[in-house]
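> Make a model of this:
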Amino acid sequence: MDLGIKGKKVLITGASQGIGREIALSFAREGCKVSIIARSEEKLKKVLEEMGGEEKGHCICVVDLLPEGNPTKAVSELIEKNKGYDIVVHNIGGTLGVRDVISPVEDWNRVWRFNVGIAIEINRLVIPYMREQKWGRIINTSSQSAEGLRGCGAYGASKAYLNAYTKVLGKGVAKDGIIVSAISPGSIYAEGSDWDENSPKNIDNKEAFFKKKEDFLRHHMAIGRLGTAEEIAPFVLFMASKYVTFAAGAIIPVDGGTE
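As a prediction, the model looks like this:
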């Protein structure tokens, strides 16, 4: 299937590993020119090499997007260098270790900024170019936690906000030929994550980890296993394609039948 995105300029945050890395590689295989942002220069350089390097039109940006002002500074420089972006994938997010539902408001705000605020800040920079050319795609990586609200409350609430923002922004820019959507993955295996038996959190008590995992899969995952980044990336590519012109504000669950 020809997605109609060959040669498009793509910006992806949180692209050094896991879902973000696979999304970046997938766009590169489609012939896009991909800019990737993350904190780890070493990991970004590895992904850049896997994509084919700078000679293919790809580039990296090493920056921590959480501090105030960093997204605007970094993305403004990228926009100047690449003359705007056709497709933006907001893949940055996480709990930041905030799990107590009575955590201070400052913690809730940090989690909100990490999962939503950074995307809002970047969108103000990339949308004018998309409006000018009457074509654009913005895809947010949400989470099934926005619906199930299990685990980290601040994280689930921030992803629920992200879903609402996706719909509101999607309606607001649809007339400009810009389609905003979100992919909502379920529990995905990634190296070093909570679902990695060898992560620092689990390595000292693997027996407890395997018991927790087995219980979770039995009660909450209809498919009976964790998902993979390779199962998420194709949905992002499709939502960036020429075929999604009627999908303004769509939220696409890809969660293995999470209950």
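> show me where the stretch 151-259 of the chain has strands.
For the stretch 151-259 of the chain, applying DSSP state E, counting those that start in this stretch gives strands covering 178-185, 250-254.
> so Ser35 sits in a strand?
Yes: according to DSSP: H, G, I helix; E, B strand; the rest coil, Ser35 belongs to a strand.
> just to revisit the earlier point, show me the one of the strands of the stretch 151-259 of the chain that comes nearest Gly84.
For the strands of the stretch 151-259 of the chain, the distance to Gly84 is smallest for strand 178-185, at 12.5 Å, taking C-beta to C-beta. Any C-beta I mention is one placed from the backbone N, CA and C, and that applies to glycine too.
> same for that closest one, what does it pack against?
Contacts defined by 3 or more C-beta pairs under 8 Å, 6 or more residues apart in numbering; DSSP states H and E place strand 178-185 against helix 118-133, strand 136-141, helix 153-173, helix 229-239, strand 250-254.
> Deepest in the core, which of the strands of the stretch 151-259 of the chain is it.
For these, average neighbour numbers computed from mean count of other C-beta atoms under 10 Å are highest in strand 178-185, which has a mean of 24.
> for that strand, what is the average pLDDT?
Mean pLDDT, strand 178-185: 97.
> now the helices and strands packed on strand 178-185 as TSV including mean pLDDT and distance to Lys43?
Conversion of these to TSV gives the following (pLDDT from 0 to 100; distance: least, C-beta to C-beta, whole Å):
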stretch	mean pLDDT	distance to Lys43
helix 118-133	98	19
strand 136-141	98	17
helix 153-173	97	23
helix 229-239	97	14
strand 250-254	97	24
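> right, so of the strands of the stretch 151-259 of the chain, which gets closest to Asp64?
Closest approach to Asp64 among these (C-beta to C-beta): strand 178-185, 23.3 Å.
> For Met130, find the nearest of the strands of the stretch 151-259 of the chain.
strand 178-185 (4.9 Å).
> how about the nearest residue to Ile178, chain neighbours excluded?
Nearest residue to Ile178, sequence neighbours excluded (C-beta to C-beta, 6 or more residues apart in numbering): Gly136, at 3.9 Å.
> what sits against the one you found?
Gly136 is in contact with Asp86, Ile87, Val88, Val126, Ile127, Tyr129, Met130, Val173, Asp176, Gly177, Ile178, Ile179, counting by C-beta atoms under 8 Å, 6 or more residues apart in numbering.
> for those residues, which one is nearest Glu259?
Ile179 (29.5 Å).
> List the residues that contact that closest one.
So Ile179 contacts Gly136, Arg137, Ile138, Gly170, Met239, Val244, Thr245, Ala247, Ala248 (C-beta under 8 Å, 6+ apart).
> how about the closest residue to Lys167 other than its chain neighbours, what does it touch?
Of all residues beyond its chain neighbours, the one nearest Lys167 is Gly249 (3.9 Å), with distances taken as C-beta to C-beta, 6+ apart. By C-beta under 8 Å, 6+ apart, the contact list for Gly249 reads Thr166, Lys167, Val168, Leu169, Gly170, Lys171, Ala174, Val180, Ser181.
> what about the fourth one, neighbour count?
For Leu169, the tally of surrounding residues (other C-beta atoms under 10 Å) stands at 20.
> on that earlier part again, pull up the gap between the residue nearest to Lys167 and Pro104, please.
The spacing between Gly249 and Pro104, counted by C-beta to C-beta, to the nearest Å, is 32 Å.
> and what of Ile127?
33 Å.
> One more: Ile252?
Relative to Pro104, Ile252 is positioned 34 Å away (C-beta to C-beta).
> can you pull the alpha-carbon coordinates of stretch 250-259 into CSV?
The C-alpha atoms that make up stretch 250-259 are tabulated as CSV, following Å, rounded to 0.1, in the frame of the first residue of the first chain:
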residue,chain,number,x,y,z
ALA,A,250,-9.5,9.9,16.3
ILE,A,251,-8.3,7.8,19.3
ILE,A,252,-7.1,4.4,18.1
PRO,A,253,-6.9,1.6,20.7
VAL,A,254,-4.1,-1.0,20.1
ASP,A,255,-4.2,-2.8,23.4
GLY,A,256,-4.5,-6.5,22.9
GLY,A,257,-8.0,-6.5,24.3
THR,A,258,-7.1,-4.8,27.6
GLU,A,259,-9.8,-5.1,30.2
